[in-house]
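starting from these lines, generate the structure:
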Amino acid sequence: MPTTPYLGDDLTVKSVILPMYEPKLNTFNVYAALFSIIAKDESYLPWYYSNFISLGINTCDDTLYFTDHFTFFEYGDGLSSCPWLEVYKPPHKTIYYEYIFRIKDTLIGYLNQNKYVWLYLDQFYIPQSNSYQKIHKEHSILVYGYDDEANIFYIADNLDNGKFIKTMISYQQLIEAWESDICEHFRRLFRVINFKEGEYKLNTTHLKNQIEGYLSSNIINNGVYWDQNPIDGPHAYAQNIKYWIFGHEVYSYMRQLIKQVKETKDTKNLDIRIPHLLWEHKKCMVERINYLNLRVYDFYSDYEKIVNSSLNIRNLTIKYNMTKNDSILDKIDTIISEVVNTEEIALRKLVKLL
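Prediction:
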């Protein structure tokens, strides 16, 4: 890809809206953006069901992720673990000296080449954000289109109380959100994303190893993200593996967080993203079992119950945040224990068949 986006010779082009599909996952916008780009048909499903198994929680900020999280497009040197993506990482000099004061033309140039753009904006200037005109807060955004007559860009992010939505922002609002000082460090994470035709064959050995690693809480030592040199600034701690807990142990850590809230009478909310991602993890697993044509086995129905229990945990978390009723925390803790035990039995049975 070129260092500077080609703005095009056809000055009659007034708008571009790139395809956006229904995402499989949406706890974080990086997942929702990824699947919004690649899910035009079911060809990506073997890759999806071969991955998104291992979990990791960073104990510095108590944030839970799929361990695939850092391998898509934001980190690494323009690399991606997804076969349907080509990712271009412009040089820092280009971003900070060429793009900084010409972001509108830069985005339009890439969109005219049918390329998506991932960049950080200050949500203070985004009307759909809860931070709009309240606090300055940087966050990643996917830009997937523009309309020159309406002077708007089409963007997607978890803006609606954490829900991933597609919306619009004026040229001027995006310019202000990009040029905001709070985004200074995060501008270097500007990425250009190109959809390409890819293929992937489901790898049962890889699948089996991941499930066993998840149940054993094995440390994840490799990947696009972990293999990179440590980054500087606010995200540096995230690359230090000593701060991470993996696999089934994330449940123990989750229970510790709940216990801390109860014992300290802390008035802060439980992080809804943790149970929401765990629920998505279970939905993915039951879909995976079905995709492997193994739903005739008893662990399939057991796993359907796990999905329902995980959804219950998520809903009870929302209820606790509204009521601060300690009895809800006890109920969440009990259901977590049941999920852990039932899941281990079900997945051990699954592994024997792979």
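
list the buried residues of the one helix or strand Gly145 maps to.
For Gly145, the host element (DSSP states H and E) is strand 138-147. Buried residues in strand 138-147, counted by 16 or more other Cβ atoms under 10 Å: Glu138, His139, Ser140, Ile141, Leu142, Val143, Tyr144, Gly145, Tyr146. C-beta here means a position set from N, CA and C on the backbone, and glycine is covered the same way.

can you name every helix or strand that it contacts?
On a contact count with 3 or more Cβ pairs under 8 Å, 6 or more residues apart in numbering; DSSP states H and E, strand 138-147 meets strand 15-17, helix 29-38, helix 103-111, strand 116-122, strand 152-160.

contact partners of the helix or strand just after the last one?
Downstream of strand 152-160, the first helix or strand assigned by DSSP H and E is strand 163-170. In this structure, residues lying in contact with strand 163-170 by Cβ atoms under 8 Å, 6 or more residues apart in numbering are 20, 23, 26, 29, 32, 125-128, 144, 150-159, 177.

for strand 163-170, list the C-alpha coordinates in PDB.
Provided in PDB are the C-alpha atoms of strand 163-170 (Å, rounded to 0.1, in the frame of the first residue of the first chain):
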ATOM      1  CA  LYS A 163     -23.300  -1.500  22.200                       C
ATOM      2  CA  PHE A 164     -21.600  -1.600  18.800                       C
ATOM      3  CA  ILE A 165     -23.400   0.700  16.400                       C
ATOM      4  CA  LYS A 166     -22.900   2.200  13.000                       C
ATOM      5  CA  THR A 167     -23.500   5.900  12.900                       C
ATOM      6  CA  MET A 168     -22.400   9.200  11.300                       C
ATOM      7  CA  ILE A 169     -20.200  12.100  12.400                       C
ATOM      8  CA  SER A 170     -19.600  15.400  10.600                       C
END
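
low-confidence ranges, the stretch 1-150 of the chain, go.
Across the stretch 1-150 of the chain, the ranges flagged by pLDDT under 70 are 1-13.

report all helices and strands that whatever helix or strand Val192 lives in contacts.
Assigned by DSSP H and E, Val192 falls within strand 191-195. Packing partners of strand 191-195 (3+ Cβ pairs under 8 Å, 6+ apart): helix 29-38, strand 85-88, strand 116-122.

what's next to the last one, contact-wise?
In this case it means strand 116-122. In contact with strand 116-122 (Cβ under 8 Å, 6+ apart) are residues 18, 33, 37, 73-74, 107, 110-111, 136-144, 174, 176-178, 180, 182-183, 186-187, 189-195.

next one: the second one
Counting contacts by Cβ under 8 Å, 6+ apart, the residues outside strand 85-88 that touch it are 1, 34, 37-38, 72-73, 78-80, 115, 191-196, 198.

how would you label Ile220: helix, strand or coil?
Secondary structure assignment for Ile220 (DSSP: H, G, I helix; E, B strand; the rest coil): coil.

skipping adjacent residues, who's closest to it in space?
Closest residue to Ile220 in three dimensions, ignoring its sequence neighbours and counting by Cβ to Cβ, 6 or more residues apart in numbering: Thr67, at 4.8 Å.

can you tell me how far that neighbour sits from Trp244?
Using Cβ to Cβ, to the nearest Å, one gets 9 Å for the distance from Thr67 to Trp244.

quick check: neighbours shared by those two?
With Cβ under 8 Å, 6+ apart, Thr67 and Trp244 have common neighbours Gly56, Ile220.

thinking again about what came up before, and the buried ones among the contacts of strand 163-170, selectable in PyMOL?
Filtering those down to the buried ones (16+ other Cβ under 10 Å) takes a single PyMOL command:
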select buried, resi 20+23+26+29+32+125+126+144+152+153+154+155+156+157+158+159+177
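
tell me the buried residues in the longest helix along the chain?
In the chain, assigned by DSSP state H, the helix with the most residues is helix 326-353. Residues of helix 326-353 classed as buried: 328-329, 331-332, 335-336, 339, 342-343, 346-347, 349-350 (neighbour count, 16+ other Cβ under 10 Å).
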